[in-house]
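S.K.: Build me a structure from this.
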Amino acid sequence: MAFLKFFKFKIRQKRVHDGVVAVSDGCKNVRSNVLDDFVARRFRWEEIQVLTMNCSSSRMIGYGGFSSVYLAKFLDSSLGAVKIQFSSERLNQVFQQELKILRIVSHPNIVKLKGYCDERDEGVLVFDYMSNGTLDVNLRGRGKKNSQPLSWKKRMIIAFQLASAIEYLHEKCSLQIVHGDIKASNVLLDENFNCKLCDFGSAKMGFTSLVLPPSSSSMNRNRMIVGSQGYLDPHYLKTGLASKKQDIYSFGVILLELITGTEAFCPKNRQNLTTTADPMMRDPSKVKDMVDPWLVNNDHTFKLEEAKVMASISAKCLRQSPSIRLSANEIITTMKDQVPSI
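M.R.: You can find the predicted model right below:
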């Protein structure tokens, strides 16, 4: 028996040596055998340079405040997306946290990690390529393959898929996960316009209730605030308390974007969509006035009664008190029961 145990240990040791990364049980149904989807490849920096043509500007397909994203082409001609994080001690912590989370999550509506590189100060993550870009671009008809805005039916399916991804993070991972930065530009769309939630750099794992930042001083608390203009939960902004209902608030904003076709924050007017839409959400008879005109005039899949249901869901996600906002599971149940387009 001792010999058998030693033999099994050597096999496991060899798998890790050969590049197979063992994964801790962070979510339900996680396995760690050699063929498991959760195993992410560890790339060498030289390989990343080849995949991205030395991070050529011609290969850049996206960028943010703390990272750049490059198109990668593999030997089998398949495409990927390489996210290279800028170098700093703080961003290295962000990279490690995002890598840790992405290695244990698996859901059809969450972007899949193909691999990573941690040889340099800049953290590198490799993903499947999403050919239709982000939701915010496609929603207003600026996508590569989409000369017109998304149809109502597509919008409803994306809303349902995003709610499913959030429910998975909140309820179906044994270490519950708060995404922390849900917004239209963090929702990717594949070739069939299926939703893929991405960017877990602001995520927190293991939250079961409200969690206070390490320091309670107002100065340090403000430094801890993360999120994007138009999507930030006012309760989180005021208190610095992060919770699952923070994600629910941001989801409510995305629902408003899907209904209205309007951006979450208008830089010109310096005004949030939640402010302008609030009066109409309170009165079902006014919902038609807030609907994207393109849907009303051009889309045969549009249904006003469904728009009223979605506006009602959004209003319940945007309640000032987090405790009375809907849960992800309640959102999904309502959609299934009252939105036939899904």
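S.K.: Using PDB, write down the CA coordinates of stretch 189-202.
M.R.: What follows is stretch 189-202, C-alpha atoms only, in PDB (Å, rounded to 0.1, in the frame of the first residue of the first chain):
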ATOM      1  CA  LEU A 189     -19.700  38.600 -27.400                       C
ATOM      2  CA  ASP A 190     -18.600  35.600 -29.400                       C
ATOM      3  CA  GLU A 191     -19.400  34.800 -33.100                       C
ATOM      4  CA  ASN A 192     -23.000  33.900 -32.200                       C
ATOM      5  CA  PHE A 193     -23.400  37.000 -29.900                       C
ATOM      6  CA  ASN A 194     -23.300  34.800 -26.700                       C
ATOM      7  CA  CYS A 195     -22.300  36.700 -23.600                       C
ATOM      8  CA  LYS A 196     -18.900  36.200 -22.000                       C
ATOM      9  CA  LEU A 197     -18.200  38.100 -18.700                       C
ATOM     10  CA  CYS A 198     -14.600  39.200 -18.500                       C
ATOM     11  CA  ASP A 199     -12.100  41.200 -16.400                       C
ATOM     12  CA  PHE A 200     -11.900  39.900 -12.900                       C
ATOM     13  CA  GLY A 201      -9.200  42.300 -11.800                       C
ATOM     14  CA  SER A 202     -11.500  43.900  -9.300                       C
END
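S.K.: how about that stretch: buried residues?
M.R.: Within stretch 189-202, the residues that count as buried by 16 or more other C-beta atoms under 10 Å are 189, 193, 194, 195, 196, 197, 198, 199, 200, 201, 202. From N, CA and C alone the C-beta is placed, and that goes for glycine too.
S.K.: before we move on, what about stretch 177-192?
M.R.: Within stretch 177-192, the residues that qualify as buried are 177-189, counting by 16+ other C-beta under 10 Å.
S.K.: Which other helices and strands does the helix or strand hosting residue 250 contact?
M.R.: Taking DSSP states H and E as the criterion, residue 250 maps to helix 244-260. Other elements packing on helix 244-260 under the criterion 3 or more C-beta pairs under 8 Å, 6 or more residues apart in numbering; DSSP states H and E are helix 135-139, helix 152-167, strand 177-178, helix 234-239, helix 273-281, helix 287-290, helix 304-317, helix 328-338.
S.K.: what does the domain assignment say about this protein?
M.R.: Following automatic domain parsing, one finds the domains of the chain at 21-128, 135-338.
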